[in-house]
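1. have a look at this prediction, sequence included:
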Amino acid sequence: MLDKLSVANALREVGMLLELKGENPFKVRAYENGARAVEGLAEDLATLVDEGRLTDVPGIGKALAEKIAQLHGTGHLPLLEELRAELPPGFPELLRIPDLGPKKIAALRGALGVSNVAELKAACEAGRVREVKGFGERTEHKILEGIRALEARPRRTLLSEAREAGEPLLAWLRESGLAEHVELAGSARRWKETVGDLDVVAASRLPEALSERLAAYPLVEQVQARGTTKTRVQLVGGLGVDLRVVPPEDWATLLHHLTGSKAHHVKLRGLARDRGYTLSEWGLSRLGTGEKVQVRREEDIYRALGMQAVPPELREDEGEIEAALEHALPKDLVDEGDLRGMVHVHTTWSDGRAPLEEMARAAEAMGMQYLTVTDHSAAAAYARGLDARRLEEQWEEMARVQEKVRIRLLRGTEADILEDGSLDVPERLLGKLDVVIASVHSRMRMDADRMTRRIAAAMRLPFFKIWGHASGRLLLERDAYGLHWEEVLDAIAGSPAAIEVNGDPHRLDLEPRWLRKARERDIRFVLSTDAHSVAGLQNLRYAVMTARRGWVTRGEVLNAMPPSAFADAVRPTR
Ligand code: DGT
Ligand code: CA
Ligand code: CA
Ligand code: ZN
């Protein structure tokens, strides 16, 4: 049984491979659309399959529905396996080279027989690409530059993609019944914003059988290394997975070791030595006698060293060890269960994909007590931002929906912070809004001095209470704005504004190191999803984990408060 994300990945891969083969673009697009439709399903995939209702979903026709049902039920799709067998394994990798689309790749393969990045690089270097029809010296040069850039960049995956690949894989290993425990370790367990590879630790007395089981996972593309207790595979899409299997008595020690980070461990090991122990992947022992400390749970290691246990997401050597030694780590880090309101969501009124009522019902189903509807303001024309008239129309719809749902709907807007630091929000409606989130969506590349003046000016506006996706970064795509952060945080500290922790997996913004600086200034936070679909509401966990990585506590989070207290805290005032 494959879950919907694995099904979507498989469909996406079919689309990609068809494209590489030079198939009909409509067919290619059908698979891509199908993948997106499956990913965004509001209803349970199993139910839709069982009741034969897949074709009711927009974007899923009869042929695709059959393939989805097959993938879901058996974990396999003969078409995908045929396509994979047809194309050389390193071939899809060629798509990652900038400006090199499937058509050109197919042409190069036909003319030169190149089937992976290394072969193409060699062909460029030998000056053979410029001789292919349709390619010139300049194109050859650009391809070579692209390959070099690709090689220079460490290849990382978004945390959400890594976890969405990793979680079904854990389920697959657990379902085998071959292991007592199976957990993610490494950066994915620390909820780091990007992940190099997945590390999985299992406690089992049957390491070889478990390794077999991993190799048989439908989304494994290649088994790269296989020993008795260590297996490394590559998943479709390129993400690597390291599996380590240990006997149950060594489980906690190894889970701790493989969770990292390396920097956290290096410091912990030094500390252990100072206290008369050695700490390694083999466990914690007394120096001299070699007597082993019993480690049943990871916490036992920290206890033996006389310190507070450090949760995985804090293990980055950014002061957590020092704090834990003084028992000064926050004990009430915010939890997903603490949150009572969804604070930043978009609907079909602007650039969201789900209607207001659907978003409201979904938030209610998640146990939320309130939802602030924050579609874009008029300046965000690209996102169908709302002017005053449409905002008022939206309120009429909100009133109608409010009759039907229990969750409390709050009137909001995500207002653009304009170039001069003013806000794009209709003055006369300010008094009728419950919440104003202010974010930068344009002119992001101004220099740090001007950007700092722009943001600080906005912060001084009394009616603006939440700063949205503060740094503007897009992970693996775009850096944060140039900004004098300490100055801006000082300005916020003197204002009523809170900072958003945006759980959109491409953002995870504001990032932990600045959250900690904000905490030092007693600034408050709002944890949000910035959801543009029902599925997007599930990203709340990424906001929560990002906040925890910034040591944010329950009491510092405005949307951990009940509806009225929250509304009082954020109400726009003049
Ligand atoms: P990644 O995969 O680049 O996102 O980062 P990690 O943290 O997952 O690193 P990875 O996959 O290389 O190794 C997993 C964990 O194994 C790492 O967090 C700590 C442990 N580890 C790996 N290499 C070393 C090492 O040389 N020394 C120590 N102490 N631990 C290591
Ligand atoms: Ca890793
Ligand atoms: Ca690894
Ligand atoms: Zn925004």
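-> Structure received. Ligands and ions are numbered 1, 2, ... in the order given.
2. His532 and ligand 2, how far apart?
-> Distance of His532 to ligand 2, computed by CB to the ion, to the nearest Å: 29 Å. All C-beta atoms are positioned from the backbone trio N, CA, C, and that covers glycine.
3. contact partners for that residue?
-> Val345, His346, Asp351, Gly352, Arg353 (CB atoms under 8 Å, 6 or more residues apart in numbering).
4. ChimeraX command to pick out the buried ones of those residues?
-> To isolate the buried subset of the contacts of His532 in ChimeraX, counting by 16 or more other CB atoms under 10 Å, use the following:
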select :345,346,352,353
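5. which of the contacts of His532 fall in strands?
-> The members of the contacts of His532 that map onto strands under DSSP state E are Val345.
6. got TSV for the contacts of His532, with pLDDT and distance to Leu537 too?
-> Shown next, in TSV, are the contacts of His532 (pLDDT from 0 to 100; distance: CB to CB, whole Å):
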residue	pLDDT	distance to Leu537
Val345	97	7
His346	96	11
Asp351	92	16
Gly352	92	11
Arg353	91	12
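7. could the contacts of His532 go into TSV alongside distance to Thr289?
-> Formatted as TSV, the contacts of His532 follow (distance: CB to CB, whole Å):
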residue	distance to Thr289
Val345	59
His346	62
Asp351	65
Gly352	63
Arg353	63
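8. which bits of the stretch 201-350 of the chain sit near ligand 1?
-> Residues of the stretch 201-350 of the chain found near ligand 1 (CB under 6 Å from any ligand atom) are Leu258, Gly260, Ser261, Lys262, His265.
9. closest to Thr573 among the contacts of His532?
-> Val345 (23.3 Å; CB to CB).
10. what sits opposite that closest one in the beta ladder?
-> With DSSP bridges as the criterion, the beta-bridge partners of Val345 are Val373, Ala531.
11. that one and Val534 touch, don't they?
-> No - assessed by CB atoms under 8 Å, Val345 is found out of contact with Val534, at 9.8 Å.
12. any weak-confidence spans in the stretch 451-574 of the chain?
-> 574 (pLDDT under 70).
13. for it, just list every one of the strands.
-> Along the stretch 451-574 of the chain, the segments classed as strands by DSSP state E, counting those that start in this stretch run 466-467, 498-502, 525-528.
14. show me where the stretch 301-450 of the chain has strands.
-> Under the criterion DSSP E, counting those that start in this stretch, strands of the stretch 301-450 of the chain are mapped to 341-345, 370-373, 408-416, 435-439.
15. got any residues that touch both of Val345 and Val534?
-> Contacts common to Val345 and Val534, judged by CB under 8 Å, 6+ apart, are Met359.
16. who's in contact with stretch 140-160?
-> Outside stretch 140-160, the residues that touch it by CB under 8 Å, 6+ apart are 96-100, 117, 120-121, 124-125, 127, 129-130, 165, 188, 191-196, 238-239, 475-476, 505-506, 508, 539, 542.
17. no, scratch that, I was asking about stretch 265-281
-> Residues outside stretch 265-281 that contact it (CB under 8 Å, 6+ apart): 253-254, 257-258, 284-288, 293, 301, 304-306, 317, 321, 325.
18. excluding chain neighbours, what is closest to whichever residue of the chain sits closest to ligand 1?
-> Per CB to the nearest ligand atom, Gly260 is where the chain lies closest to ligand 1, at 1.9 Å. Among residues not flanking Gly260 along the chain, Gly186 sits closest, at 6.1 Å (CB to CB, 6 or more residues apart in numbering).
19. against Val241, how distant is the one you found?
-> Counting by CB to CB, to the nearest Å, the gap from Gly186 to Val241 is 10 Å.
20. can you report how many residues lie near the closest residue to Gly90 other than its chain neighbours?
-> In space, and not counting its chain neighbours, Gly90 is closest to Asn116: 2.9 Å by CB to CB, 6+ apart. Number of residues near Asn116 (other CB atoms under 10 Å) recorded here: 14.
21. how about Asn116, what does it touch?
-> Going by CB under 8 Å, 6+ apart, Asn116 touches Pro88, Pro89, Gly90, Phe91, Glu93, Leu94.
22. pull out the buried members of the residues you listed.
-> Among the contacts of Asn116, those buried by neighbour count (16+ other CB under 10 Å) are Phe91, Glu93, Leu94.
23. quick check: the second one touching Val117?
-> Yes - contact status for Glu93 versus Val117: in contact at 5.3 Å, counting by CB under 8 Å.
24. what are the buried residues along stretch 280-287?
-> Gly283, Leu284, Ser285.
25. could you dump those to CSV with pLDDT?
-> Shown next, in CSV, are the buried residues of stretch 280-287 (pLDDT from 0 to 100):
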residue, pLDDT
Gly283, 92
Leu284, 95
Ser285, 95
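26. which one of those residues is nearest Ala415?
-> Checking the buried residues of stretch 280-287 against Ala415 by CB to CB gives Leu284 as the nearest, at 53.4 Å.
27. which non-adjacent residue is nearest that closest one?
-> Nearest non-adjacent residue to Leu284, counting by CB to CB, 6+ apart: Val293, 4.3 Å away.
28. quick check: phi and psi on that neighbour?
-> The phi/psi pair for Val293 (degrees, to the nearest 10) reads phi -80, psi 130.
29. next secondary structure after the helix or strand where His141 lies?
-> Element membership for His141, per DSSP states H and E: helix 137-152. With elements assigned by DSSP H and E, the helix or strand that comes after helix 137-152 is strand 157-158.
30. and the residue of the stretch 101-250 of the chain found nearest ligand 2, what does it touch?
-> Per CB to the ion, Gly186 is where the stretch 101-250 of the chain lies closest to ligand 2, at 3.3 Å. Residues counted as contacts of Gly186 (CB under 8 Å, 6+ apart) are Val195, Asp197, Leu198, Asp199, Asp242, Leu258, Thr259, Gly260.
31. repeat that with 7 Å
-> Residues counted as contacts of Gly186 (CB atoms under 7 Å, 6 or more residues apart in numbering) are Leu198, Asp199, Leu258, Thr259, Gly260.
32. mind putting the residues you listed into TSV with secondary structure?
-> As requested, those are exported to TSV (DSSP: H, G, I helix; E, B strand; the rest coil):
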residue	secondary structure
Leu198	strand
Asp199	strand
Leu258	helix
Thr259	helix
Gly260	coil
